[in-house]
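> sequence plus predicted model, see below.
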Amino acid sequence: MNQNRNKDNDLQRAIDEITQKGGSNNGKPAPAPAPAAPAGQAPANMMPPVQPAPNTMKLPTPPMPQPAMTMPAAAAMGGFGRAMGYGADISKVKEAALKELFPIMDRVEVEPEKRFLLYQEMLNSMRDKAVIAPAYEAARQIRDDKIRADSLLYLINSIDEMSL
C-alpha cells in the first residue's frame with residue numbers, strides 16, 4: 001500500500017511539474033513528497049492538491065490592420081462634425097484648420113512671437129486682409145526689438161503684395 005502512495009505522489013509531482021510553467025521548474029528540484037501516513041489513515045494536515053487555475057489572463061493582441069486612408073478619420077472631419085473631402089492634399093487640411101482657428105485665435109494662450117507666427121501662417125495660406133490687423137497687434141506685443149522689426153516688415157510686405 002505504501003508503494004501505491006509513493007506512485008501517487010510521484011504522479012502528482014509529475015502533473016505539478018507539467019502544469020507549472022510548461023513543465024519546467026526553472027532548474028529547481030521538485031518538492032519532496034509528503035511523508036506517507038500509516039496504512040489506512042489519511043494524513044491529518046494534508047489538504048487535497050490544488051490545481052493551478054487556468055491562465056485567464058489575456059495577452060495583448062496586435063492591432064488589426066486598418067484599411068489605408070489618406071488621412072486619419074479625426075482629421076477628415078471639418079468643423080462641427082462635417083466630413084471634409086480633401087483626399088491626400090494635406091495643404092488643404094492645413095488651410096482649413098487655419099481658417100477655423102482664426103476666429104478663436106484670441107483664446108489661444110501663447111507668447112506674442114508664437115501668436116504672430118500663427119497669424120503669419122494664416123496670411124500665407126488664406127491671403128485674407130482680415131488677418132492683418134490681429135497680426136499687427138501680435139507683432140506690437142513682441143518684446144525683442146529685432147523680432148518685432150522683422151514681424152512688422154513682414155506685415156508691410158504682405159500688405160504691399162495684397163494691394164497689387
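Now that the structure is in, tell me what you want to look at.

> and Thr19, how far from Asn9?
16 Å (Cβ to Cβ, to the nearest Å). (Glycine included, C-beta is placed from N, CA and C.)

> looking at the two, which one has more neighbours?
Asn9 (16 against 12; other Cβ atoms under 10 Å).

> where's that one, which helix or strand?
Using DSSP states H and E, Asn9 maps to helix 2-19.

> pull out the buried positions in the helix or strand following that helix.
Using DSSP H and E, the next helix or strand after helix 2-19 towards the C-terminus is helix 90-101. Of all the residues in helix 90-101, those buried under the rule 16 or more other Cβ atoms under 10 Å are Val93, Glu95, Ala96, Leu98.

> got the CA coordinates for helix 90-101 in CSV?
The C-alpha coordinates for helix 90-101 follow below in CSV (Å, rounded to 0.1, in the frame of the first residue of the first chain):
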residue,chain,number,x,y,z
ILE,A,90,-2.7,67.9,-46.7
SER,A,91,-2.1,71.6,-47.5
LYS,A,92,-5.9,72.0,-47.9
VAL,A,93,-6.4,70.5,-44.4
LYS,A,94,-3.8,72.9,-43.0
GLU,A,95,-5.6,75.8,-44.8
ALA,A,96,-9.0,74.7,-43.4
ALA,A,97,-7.5,74.4,-39.9
LEU,A,98,-6.0,77.9,-40.1
LYS,A,99,-9.4,79.3,-41.3
GLU,A,100,-11.1,77.5,-38.4
LEU,A,101,-8.5,78.8,-35.9
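
> C-terminal to that helix, what's the next element?
Helices and strands here follow DSSP H and E; after helix 90-101, the next one along the chain is helix 112-126.

> how about the helix or strand following that next one: buried residues?
The element immediately downstream of helix 112-126 (helix or strand, assigned by DSSP H and E) is helix 132-140. Under the neighbour-count criterion of 16+ other Cβ under 10 Å, helix 132-140 has Ile132, Pro134, Ala135, Tyr136, Ala138, Ala139 buried.
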